[in-house]
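S.K.: Structure of the sequence below:
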Amino acid sequence: MNYDRPELLDRLAAEYVFGTMSARVRRRFQKIQRALPAAQQAVHVWEQRMTPLARSVPPEQPSAAAWEAIDRRTGGQTSRPVAPPSAWLAWLKPALGVAFGVVVTLGLVRLYPTSVVPVDQIVQQRGTLPASYVGLLTDAANNPVVLASSTRYGRIMSIKILRKVDVPPGKVLQLWALPKEGAAFPLGVVPPEGQSSFPMADTSEKLLSSVPRLAVSVEDAPARAGVTPAPYLLTGNCVKLW
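M.R.: Below you'll find the predicted structure:
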């Protein structure tokens, strides 16, 4: 295979950073990186693209038992931590989605902003990451719970629940935008588990360009603009990826 083609290296680097390669292909691509500086650079570019979202996740130190389990399964001889191939992959591992068999859903297709197609499929099919707004919301214990995303000029918010949320009967989970200035405003209702999407009042560029954080509260009914949110159950950063 001719690895001198930039478009091929870009696609392979994207799959490498997103963790969608099989173990055999991953090992082969690691050898290619050691021999080909262009491959190393392509991986570096994709890791830099993921940095804003990776920074939004609170750091968490794995337990000694976790390292020992990893060591046993990988055939190692010591429980000493080994640096992961990508800081992005380190926090994405717990967020694996069985529906698509890859790490996480980030957004919608850039060319078709009104369609609901997760970015993991885009990366596998095109090797490109759509310009998106992405929010990762965590609970009080810093566990990632909700992933919310929309393409830059899309009007659809895509939701993926990473950890089931217990909601009292008759209540709903309301997603809020927390702008730099002004009061919080509702975006839509998220499910307690699984994945879904909902239409927004305007494009994500207009709604989220000045929104550094998102939150989820438990409400009696879907909230309307101007109402005061209940105490937030989940909060997280909202970042731009492009």
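S.K.: The nearest residue to A201 once chain neighbours are set aside: how many residues sit nearby?
M.R.: Nearest non-adjacent residue to A201, counting by Cβ to Cβ, 6 or more residues apart in numbering: L207, 6.9 Å away. (C-beta placed from N, C-alpha, C; glycine too.) The tally of other residues near L207 (other Cβ atoms under 10 Å) stands at 19.
S.K.: same for the lengthiest strand in the chain, what does it pack against?
M.R.: Ranked by residue count and defined by DSSP state E, the top strand of the chain is strand 232-241. Where contact means 3 or more Cβ pairs under 8 Å, 6 or more residues apart in numbering; DSSP states H and E, strand 232-241 is packed against helix 37-55, strand 132-138, strand 144-151, strand 172-178, strand 213-219.
S.K.: worst average pLDDT in the ones you listed?
M.R.: Sorting those by mean pLDDT places helix 37-55 lowest, at a mean of 77.
S.K.: per-domain residue ranges of the chain.
M.R.: As assigned by automatic domain parsing, the chain contains the domains 1-95, 102-242.
S.K.: among these, which gets the worst mean confidence?
M.R.: domain 1-95 - the lowest mean pLDDT of the domains of the chain, at a mean of 70.
S.K.: Leaving out chain neighbours, which residue sits closest to V134?
M.R.: Closest residue to V134 apart from its sequence neighbours, by Cβ to Cβ, 6+ apart: S149 at 4.5 Å.
S.K.: Likewise for W242?
M.R.: W242 sits nearest to A131 (Cβ to Cβ, 6+ apart), 3.3 Å away.
S.K.: measure that neighbour to H44 for me?
M.R.: 20 Å (Cβ to Cβ, to the nearest Å).
S.K.: Comparing those two, which residue is more hemmed in?
M.R.: A131 (17 against 13).
S.K.: Who are the contact partners of that one?
M.R.: 110, 151-152, 240-242 (Cβ atoms under 8 Å, 6 or more residues apart in numbering).
S.K.: Save the residues you listed as TSV, and put in neighbour count and distance to A223 too.
M.R.: Shown next, in TSV, are these (neighbours: other Cβ atoms under 10 Å; distance: Cβ to Cβ, whole Å):
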residue	neighbour count	distance to A223
R110	19	30
T151	28	24
R152	20	25
K240	15	25
L241	19	27
W242	12	29
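S.K.: Secondary structure class of the closest residue in space to V167 that isn't next to it in sequence, three-state.
M.R.: For V167, ignoring the flanking residues on the chain, the nearest one in space by Cβ to Cβ, 6+ apart is P192 at 4.8 Å. Secondary structure of P192, reduced to three states by DSSP: H, G, I helix; E, B strand; the rest coil: coil.
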